[in-house]
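**Q** pasting the structure only:
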Ligand SMILES: NC(=O)c1ccc[n+]([C@@H]2O[C@H](COP(=O)([O-])OP(=O)(O)OC[C@H]3O[C@@H](n4cnc5c(N)ncnc54)[C@H](O)[C@@H]3O)[C@@H](O)[C@H]2O)c1
Ligand SMILES: O=c1ccn([C@@H]2O[C@H](COP(=O)(O)OP(=O)(O)O[C@H]3O[C@H](CO)[C@@H](O)[C@H](O)[C@H]3O)[C@@H](O)[C@H]2O)c(=O)[nH]1
């Protein structure tokens, strides 16, 4: 099938950057990214590129190069579906918050709405590409909706999961380890390969059946998250035995079978994907009565929750068993550096725990706004909005956030934190001045030399 126009439903962290990179490499294609969220589309169309809804290094340049040439952002979903030969679905698939599978299964209502929308509007044959992360065998449901329209339109469904990580999305898209395409129609797969092949070498484009492709995405995230939980589990043992987690990580990472990546001990993984996708994997395993398989993967989440909890407990214990009325400076709110995304960020849970203990928190993050921080806390529903407002102040200057604080809690590994004048921060803090470095970001001996009581993970 000759492809001249494509559209992507969902202008989020995946849809926006992915389509921008496809547009950059396929100037002959017209690409429209559509969304029901008018504010988000307006932000993608803002002439001030600093107002794009997503912060990703390198993204603004690509949007500048392609926008209104062959890349368009719109809320006119029906028109985009109608004119496109290929439609990507890149909407959110959060964990269900109601009904059967609550707290475990993926909520597929947005996916189903897209499928129904396509079924209603399409007048010509379409290739429908699952870009969202989906439970294995979702394509079956999409197929069923599309093939029961009563018309003679041909729909081909492909699974093309996205492996980009936030903060490095543009580089990951430009230089992917692999592009995975699952499908039943070789011709449909070829059409998508052709688009990627404009910048991704053929050898890196992997073709599988639909179900392998869907399941590979959940599996990749489960393996990655498992590595973080594994190193974090060992970090607790390090703290009690005198071993140092950085040294252990280096020592095991030099084994080529293990490899050095994803062995950074931390306050626990966050982000919109790992927890959601593992919970989904656990749910799927249980639904097939594979209880040992489900228990095995669930442990990754249990360990991650434990790591977040024990970080705040260690802080409270060290501050003489009470943080009530004490100012705690929080550096970083995003779930990792170089993104403004805060979904499932460990900072939210650590702060919530410290608020329960009546601490007064003062937060600074270079890319996250006060409104977002307050709404993340309010979303937990632990206490009233007023109480969250009273307990948490958000500063635009890190030195203000840390002034007169009893302790600093480092939540995100932003590079700028390393460059601060830590002597000045020490002078302006209450004594003894504590640092709880949830990212092992700072130099322990340097901090100790300044006078800090410095606590890192796994040391
Ligand atoms: N964020 C990541 O790093 C990442 C990486 C790989 C895969 N994924 C997966 O990709 C999918 C999208 O993730 P995201 O982070 O981009 O989500 P997101 O929440 O940032 O964006 C999803 C967008 O879809 C829109 N939307 C929802 N229903 C719609 C509908 N019926 N019509 C039009 N628009 C609709 C929402 O308004 C939202 O703007 C998820 O399945 C996620 O698991 C995410
Ligand atoms: O050694 C490590 C590596 C990561 N993390 C934490 O793990 C979380 C996730 O990090 P990362 O995987 O880099 O970011 P995501 O954007 O969540 O990307 C993951 O989730 C995406 C969504 O599915 C996938 O596409 C990516 O391949 C996968 O890496 C973050 O809180 C990190 O701080 C650690 O604590 N230690």
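**A** That came in fine, so what should we check first? Everything numeric in this text was worked out from a predicted model, so none of it was measured. Numbering: from 1, shown residues only. Ligands and ions are numbered 1, 2, ... in the order given.

**Q** list the buried ones in the worst-scoring helix or strand of the chain on mean pLDDT?
**A** Least confident helix or strand of the chain, by mean pLDDT, DSSP states H and E, is helix 138-146 with a mean of 93. For helix 138-146, the neighbour count (16 or more other Cβ atoms under 10 Å) marks 138, 139, 142, 143, 145, 146 as buried. Bear in mind the C-beta positions are built from the backbone N, C-alpha and C, glycine included.

**Q** so residue 15 touches residue 90, yeah?
**A** Yes. Assessed by Cβ atoms under 8 Å, residue 15 is found in contact with residue 90 at 3.7 Å.

**Q** now do the shared contacts for those two.
**A** Residues touching both residue 15 and residue 90 (Cβ atoms under 8 Å, 6 or more residues apart in numbering): 8, 9, 131.

**Q** can you list those residues in JSON lines and add distance to residue 201, neighbour count and pLDDT?
**A** Shown next, in JSON lines, are those (distance: Cβ to Cβ, whole Å; neighbours: other Cβ atoms under 10 Å; pLDDT from 0 to 100):
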{"residue": "8", "distance to residue 201": "23", "neighbour count": "28", "pLDDT": "98"}
{"residue": "9", "distance to residue 201": "28", "neighbour count": "28", "pLDDT": "98"}
{"residue": "131", "distance to residue 201": "21", "neighbour count": "22", "pLDDT": "98"}
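
**Q** export those to CSV and append columns for secondary structure and distance to residue 189.
**A** Below are the shared contacts of residue 15 and residue 90 laid out as CSV (DSSP: H, G, I helix; E, B strand; the rest coil; distance: Cβ to Cβ, whole Å):
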residue, secondary structure, distance to residue 189
8, strand, 18
9, strand, 20
131, coil, 15
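
**Q** now the closest residue to ligand 1 within the stretch 301-450 of the chain. Nearest residue, chain neighbours left out?
**A** Closest contact between the stretch 301-450 of the chain and ligand 1, by Cβ to the nearest ligand atom, is at residue 341 (6.9 Å). The shortest distance from residue 341 to any non-neighbouring residue, by Cβ to Cβ, 6 or more residues apart in numbering, is to residue 166 (5.4 Å).

**Q** residues contacting that neighbour?
**A** Residue 166 makes contact with 13, 56, 271, 335, 336, 338, 339, 341 under the criterion Cβ under 8 Å, 6+ apart.

**Q** check which helix or strand the fourth one maps to.
**A** With elements taken from DSSP states H and E, nothing contains residue 335; it lies in neither a helix nor a strand.

**Q** next, find the distance separating the nearest residue to it once chain neighbours are set aside from residue 98.
**A** Closest residue to residue 335 apart from its sequence neighbours, by Cβ to Cβ, 6+ apart: residue 270 at 3.2 Å. Using Cβ to Cβ, to the nearest Å, residue 270 is found at 23 Å from residue 98.

**Q** just the buried residues of helix 138-146 now: which is nearest residue 182?
**A** The shortest approach to residue 182 among the buried residues of helix 138-146 belongs to residue 139, at 8.0 Å (Cβ to Cβ).

**Q** check the gap between that closest one and residue 79 for me.
**A** Note on residue 139: its distance to residue 79, by Cβ to Cβ, is 25 Å.

**Q** could you do residue 419 as well?
**A** For residue 419 relative to residue 79 (Cβ to Cβ), the value is 48 Å.

**Q** with residue 202 instead?
**A** Applying Cβ to Cβ, the value for residue 202 to residue 79 is 34 Å.

**Q** try residue 104
**A** 37 Å.

**Q** do residue 236 as well
**A** 55 Å.

**Q** again with residue 296
**A** The value you get for residue 296 to residue 79, if Cβ to Cβ is used, is 47 Å.

**Q** ditto for residue 323
**A** 55 Å.

**Q** compare the two (neighbour count), which wins?
**A** Per other Cβ atoms under 10 Å, whichever of residue 323 and residue 79 has more neighbours is residue 323, with 25 against 14.

**Q** who touches the closest residue to that one other than its chain neighbours in this structure?
**A** Spatial nearest neighbour of residue 323, chain neighbours left out: residue 359 (3.9 Å); criterion: Cβ to Cβ, 6+ apart. Residues in contact with residue 359 (Cβ under 8 Å, 6+ apart) are 323, 324, 325, 326, 327, 328, 391.

**Q** quick check: phi and psi at the nearest residue to the fifth one once chain neighbours are set aside.
**A** Okay, so that is residue 327. Of all residues not flanking residue 327 in the chain, residue 405 sits nearest, at 4.5 Å (Cβ to Cβ, 6+ apart). Main-chain torsions, residue 405, degrees, to the nearest 10: phi -80, psi 150.
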